[in-house]
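# missing the sequence, but the structure's below:
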């Protein structure tokens, strides 16, 4: 399942590292920093750092539970969720995503102090639908409405089109010479 | 590769690595003084780093290779970055090193892996830090690009080495617009190094943490490497600001005397900048997370004005 996204990711890294070589192979002459050199440098420094710190290893590595903010056993549901992760972004770009937060809470008493249940929702614009699919669909719809108005099934208007088309053709081809 | 560059490739990272932690201490000291405390010793960060280096690394059973990989990768990335920013002398350019766009994206790589490291252990705390950091990165990135574009516009190059070769030897900034860019660069320095009013480096409170939350699960020598990375990042960004606006003494030749003078002057200038950062931090309160974009807009504004002035003047 991971293979799908791994292929473009690997391609990204490879085309990034060999960008200068690819550009020169394509025959373009652009001044471009050599990313391969940079990548090698990064690898070398990484290896050196690793060796230096490993050689000074004094105590073994310890494995210990992640701190669970006071809860003794950490469960998977306590992990940061994807919607939680993107929440600040969604709030910052409120105007683009048209973020709506809906709180619903029910209480046992009228003073609203005994909490019964409730839910909170974050609603976003359906980004791809509203920005990518719907505008062209709407444009095509409008255009076809216009075309259907032309094809209204009346013979006299078709004769008018034919007549206008002949006149335009005559003018376009340079008159009756 | 020429001898000048090889010397640079040896001296610059070494200088940065050795002196960067000093300025973390200095800022803490200034903040302590302004709060009426005495503060830690000036070399406290070095002692802390040494102590952490001797300690064992603790990993969570739920963590993966990302946790182990991140500290080393981050420090290596910043060490490569240190080849991009000439601090004490400007070498002859080589191999396209110094490109400002590559520099920016190396910093982004470091930020990305820190965020992954924060998520890796599976604690809600680390996830929160990563989420905040990535959200702010999405906002600060256009500002950074514009600010560095403004710097490139004023200094007429995309290469930091060429930029500083141009500014070296002058006493005042070579163009008044550099003063405007430096305001943007200062804001970027504050944001990138997680200082007030963006993030509070001296707290472990849930509400105010961004960077500290991401590295909370790291321990021992991994933590030391990450702290060193943080110091190095701050030092390099300080270096860009200093050498753009106040390049007095920046050497362009290989001469032991000149390089020594340049290094001493740089240390003094960085000290001054660290004091300013410390005072700036003491004077401000932490901003609300969702107010921060308006703080970034200030940097964006000054850079955009600089570009407009440079284009039309």
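Ah, there it is. None of these values were measured; they are calculated from a predicted model. Residues are numbered from 1 along each chain as shown, chains lettered A, B, ... in the order given.

# shaky segments in chain A?
Along chain A, the parts satisfying pLDDT under 70 run over A:58-59, A:175-177.

# for the stretch 151-300 of chain B, just list every one of the helices.
B:160-167, B:177-192, B:211-214, B:220-245, B:256-283, B:292-312 (DSSP state H, counting those that start in this stretch).

# report pLDDT for residue B:104.
Looking at residue B:104, its pLDDT is 92.

# and the strand or helix carrying it, how far from the chain's centre?
Using DSSP states H and E, residue B:104 sits in helix B:100-120. Chain-centre distance of helix B:100-120: 13 Å, with Cα atoms, centre = their mean, to the nearest Å.

# ok, now stretch B:192-203?
Centroid separation for stretch B:192-203 versus its chain: 12 Å, with Cα atoms, centre = their mean.

# show me chain A divided up by domain.
Listed by automatic domain parsing, the domain ranges of chain A are A:9-55, A:84-125, A:129-172.

# now the end-to-end length of the longest one.
Right, domain A:9-55. Taking Cα to Cα, to the nearest Å, domain A:9-55 runs 33 Å from one end to the other.

# where does the stretch 151-300 of chain B dip in pLDDT?
By pLDDT under 70, the weakly predicted segments of the stretch 151-300 of chain B are B:207.

# got the residues of it near chain A?
By Cβ under 8 Å from any Cβ of the partner chain, the residues of the stretch 151-300 of chain B that approach chain A are B:216-217, B:221, B:225, B:289-290, B:293. For the C-beta atoms, the positions are set from N, CA and C on the backbone; glycine is no exception.

# coming back round to it: quick one: the helix holding residue B:104 near chain A?
Yes: Helix B:100-120 comes into contact with chain A (Cβ under 8 Å from any Cβ), by way of B:102, B:119.

# and that helix, what's buried?
By neighbour count on 16 or more other Cβ atoms under 10 Å in any protein chain shown, the buried set for helix B:100-120 is B:100, B:102-104, B:106-107, B:109-120.

# list the residues that contact the residue in the stretch 101-250 of chain B that chain A sits nearest to.
Of all residues in the stretch 101-250 of chain B, residue B:127 sits closest to chain A, at 2.4 Å by Cβ to the nearest Cβ. Shown in contact with residue B:127 (Cβ atoms under 8 Å, 6 or more residues apart in numbering or on different chains): A:79-80, A:84-85, B:118-119.

# how many residues are close by residue B:221?
By the criterion of other Cβ atoms under 10 Å in any protein chain shown, residue B:221 has 23 neighbours.

# could you find the closest non-adjacent residue to it?
Spatially, and ignoring its direct neighbours in sequence, residue B:221 is nearest to residue B:53 (5.1 Å; Cβ to Cβ, 6 or more residues apart in numbering or on different chains).

# how about residue B:208?
residue B:200 (4.6 Å).

# next: residue B:271.
Nearest residue to residue B:271, sequence neighbours excluded (Cβ to Cβ, 6+ apart): residue B:26, at 6.3 Å.

# pLDDT score assigned to that neighbour?
With respect to pLDDT, residue B:26 has a value of 93.

# C-terminal to the host helix or strand of it, what's the next element?
In this assignment (DSSP H and E), residue B:26 forms part of helix B:3-34. Per DSSP H and E, the first helix or strand lying C-terminal to helix B:3-34 is helix B:44-54.

# list the contacts of that following helix.
A:53, A:56, A:58, B:21-22, B:24-25, B:28, B:41, B:220-221, B:223-224, B:227-228, B:231.

# residue B:142 reaches residue B:303, doesn't it?
No: using Cβ atoms under 8 Å, residue B:142 is not in contact with residue B:303; the gap is 10.1 Å.

# of the two, who's got more company?
The neighbour count for residue B:142 versus residue B:303, taken as other Cβ under 10 Å, is higher for residue B:303 (28 against 11).

# how close does the more buried one get to chain A?
Residue B:303 sits at a distance of 20 Å from chain A (criterion: Cβ to the nearest Cβ, to the nearest Å).

# residues touching the host helix or strand of residue A:142, excluding its own?
Using DSSP H and E, residue A:142 falls within helix A:134-150. Helix A:134-150 is contacted from outside by A:157, A:161, using Cβ under 8 Å, 6+ apart.

# ok, then the element right after it?
helix A:155-172.

# picking up where we left off before, among the contacts of helix B:44-54, which ones are buried?
Here, 16+ other Cβ under 10 Å leaves A:53, B:21-22, B:24-25, B:28, B:220-221, B:223-224, B:227-228, B:231 buried among these.

# which two among these are spaced furthest apart?
For those, the farthest-apart pair by Cβ to Cβ is A:53 and B:28; their separation is 25.5 Å.
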